[in-house]
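S.K.: A predicted structure for the sequence below; I have some questions about it.
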Amino acid sequence: MAIILVRAASPGLSDAVRDIHHGSLQCSPSLLKRRAPPRMLCSLRYACLGLGLDPPRTSAVVSSEQKVYDVVLRQAALLKRQLRTPVIGVRPQDMEMPRSGLKEAYHRCGEICEEYAKTFYLGTLLMTEERRRAIWAIYVWCRRTDELVDGPNANYITPTALDRWEKRLEDLFAGRPYDMLDAALSDTISRFPIDIQPFRDMIEGMRSDLKKARYKNFDELYMYCYYVAGTVGLMSVPVMGIAPESKATTESVYSAALALGIANQLTNILRDVGEDARRGRVYLPQDELAQAGLSDEDIFSGVVTNRWRKFMKQQITRARMFFEEAERGVTELSQASRWPVWASLLLYRQILDEIEANDYNNFTKRAYVGKGKKLLALPVAYGKSLLLPWSLRNRQKKQGKQDDDEVRVDRK
Ligand SMILES: CC(C)=CCC/C(C)=C/CC/C(C)=C/CC/C(C)=C/[C@@H]1[C@@H](COP(=O)(O)OP(=O)(O)O)[C@]1(C)CC/C=C(\C)CC/C=C(\C)CCC=C(C)C
Ligand SMILES: [Mn+2]
């Protein structure tokens, strides 16, 4: 069944699936999941949803997913290399900021983080001090970047202003921070093997926000989600650290981090449909809207119909698939980093439940996770953070199980 759906939804994909299974398309979805390289997973799931949507084009043009996966591979290679060799770059002592100033700078980053994202801030308190401060510094840079296009001065932001922001980014990576908040990030990148690429890509996402208000298909939307949110995952992994006992590949952890960013952004988009529409923006794939018999006008008029409910159910299912993909990766992070990540995953995912609870009225009702549920997520996240890395839990039984699957496949 899954294979038929894969074939129908993406011819390019089914070729790849065939390669994976040595020329045979007769294999179970669970086997596919385990054999497919991480870059295939979202597409496979996407395809297996059986939404009857236009396929992401994988053969003629390089898909967004493939482009982003190339970034993942580069980041993972960098992390592996830099963990083995000392980081060559700016050392704290070479920076223009005095050490006492740095302490204050990090403190301010913590305050901003607490002000904008309280629950997440609470989650970071369990991390080691160095990691927590680094995550705050990254958070603040991301928040400021977003504020450029979404904040009170957004109307005055031009591509040139974003070019200047990028120049500032390059300067802080070279140890020449412009202000105290940049100095905190400058210090962070001197302590952790963080690459500039995801930061540049986030600015690129903001650039695209200035000029683009529609997305033809999921491929285009995926790229946007990578730029503005997947990048956060890639920036964070070198700070969060991978558990020393983890047997997962660095690439798979990065892929999970990317998936979490994408899942969060898709959720953001689904929550904010009405709000975005009032700003003339529709972040939903146009081809999927059309296939559902919907248009921009339906979104602007904001009436919840059965068509809309059906469409939203599909979109929510897809966002949940990305959350699911992220889950395994969280268990591979270093123990103290897992709690805040679990907390943010559980909280964000609950927004999808709230959209359902609002009977899919995301035009005029904001899906909101109440204080009680937010507080409850913290101990649940803590409990999950104590679990062994997934790669260890399944290690011993893996070989035997794989053999079982082979037998099942052969019998089909
Ligand atoms: C292996 C594994 C799973 C590792 C974890 C990797 C990890 C920490 C991933 C984090 C993913 C994450 C929190 C992504 C942020 C997604 C997001 C909400 C992006 C928003 C973009 C713009 O959207 P929009 O303008 O439509 O939305 P608003 O209306 O403005 O809300 C952002 C606002 C971009 C800016 C992002 C931030 C300010 C968040 C940055 C967060 C961190 C650096 C901390 C990440 C760490 C944890 C523990 C979650
Ligand atoms: Mn924003």
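M.R.: Everything's here; your move. Ligands and ions are numbered 1, 2, ... in the order given.
S.K.: what stretches of the stretch 1-150 of the chain score poorly on pLDDT?
M.R.: Counting by pLDDT under 70, the stretch 1-150 of the chain has low-confidence residues at 1-61, 82-100.
S.K.: Tell me which residue of it lies closest to ligand 2.
M.R.: residue 150 (3.6 Å; C-beta to the ion). C-beta coordinates here come from the backbone N, C-alpha and C atoms, glycine included.
S.K.: Counting neighbours, what do you get for that residue?
M.R.: Residue 150: 14 surrounding residues under other C-beta atoms under 10 Å.
S.K.: and the nearest residue to residue 75 once chain neighbours are set aside, helix, strand or coil?
M.R.: Using C-beta to C-beta, 6 or more residues apart in numbering and skipping residues adjacent in sequence, the residue nearest residue 75 is residue 234, 5.2 Å away. Following DSSP: H, G, I helix; E, B strand; the rest coil, residue 234 is assigned to helix.
S.K.: From residue 69, how far off is residue 234?
M.R.: From residue 234 across to residue 69, the span is 11 Å (C-beta to C-beta, to the nearest Å).
S.K.: now swap in residue 372 and tell me
M.R.: In terms of C-beta to C-beta, residue 372 sits 39 Å off from residue 69.
S.K.: which bits of the stretch 301-412 of the chain sit near ligand 1?
M.R.: 326, 329, 330, 333, 340, 341, 344 (C-beta under 6 Å from any ligand atom).
S.K.: Would you mind checking those residues for buried ones?
M.R.: Using 16 or more other C-beta atoms under 10 Å as the burial test, these include 326, 329, 330, 333, 340, 341, 344 as buried.
S.K.: Show me these that map onto helices.
M.R.: 326, 329, 330, 340, 341, 344 (DSSP state H).
S.K.: Same list, the buried ones among the residues of the stretch 301-412 of the chain next to ligand 1, but as JSON lines with distance to residue 101 and pLDDT please.
M.R.: Formatted as JSON lines, those follow (distance: C-beta to C-beta, whole Å; pLDDT from 0 to 100):
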{"residue": "326", "distance to residue 101": "36", "pLDDT": "98"}
{"residue": "329", "distance to residue 101": "36", "pLDDT": "97"}
{"residue": "330", "distance to residue 101": "34", "pLDDT": "97"}
{"residue": "333", "distance to residue 101": "31", "pLDDT": "96"}
{"residue": "340", "distance to residue 101": "26", "pLDDT": "91"}
{"residue": "341", "distance to residue 101": "30", "pLDDT": "95"}
{"residue": "344", "distance to residue 101": "30", "pLDDT": "92"}
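S.K.: Dump these to a markdown table, plus distance to residue 136.
M.R.: A markdown table is the format used below for those (distance: C-beta to C-beta, whole Å):
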| residue | distance to residue 136 |
| --- | --- |
| 326 | 22 |
| 329 | 22 |
| 330 | 20 |
| 333 | 17 |
| 340 | 11 |
| 341 | 15 |
| 344 | 14 |
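S.K.: Among the residues you listed, which one lies nearest to ligand 2?
M.R.: Closest approach between those and ligand 2, by C-beta to the ion: residue 344, at 16.2 Å.
S.K.: I'd guessed that closest one sits against residue 118; true?
M.R.: No. Between residue 344 and residue 118 there is no contact under C-beta atoms under 8 Å: 11.9 Å.
S.K.: Of residue 234 and residue 69, give the one with the bigger neighbour count.
M.R.: When residue 234 and residue 69 are compared for neighbours, residue 234 comes out ahead with 27 against 21, by other C-beta under 10 Å.
S.K.: With ligand 2 as the reference, measure out to the more buried one.
M.R.: Residue 234 sits 19 Å away from ligand 2, going by C-beta to the ion, to the nearest Å.
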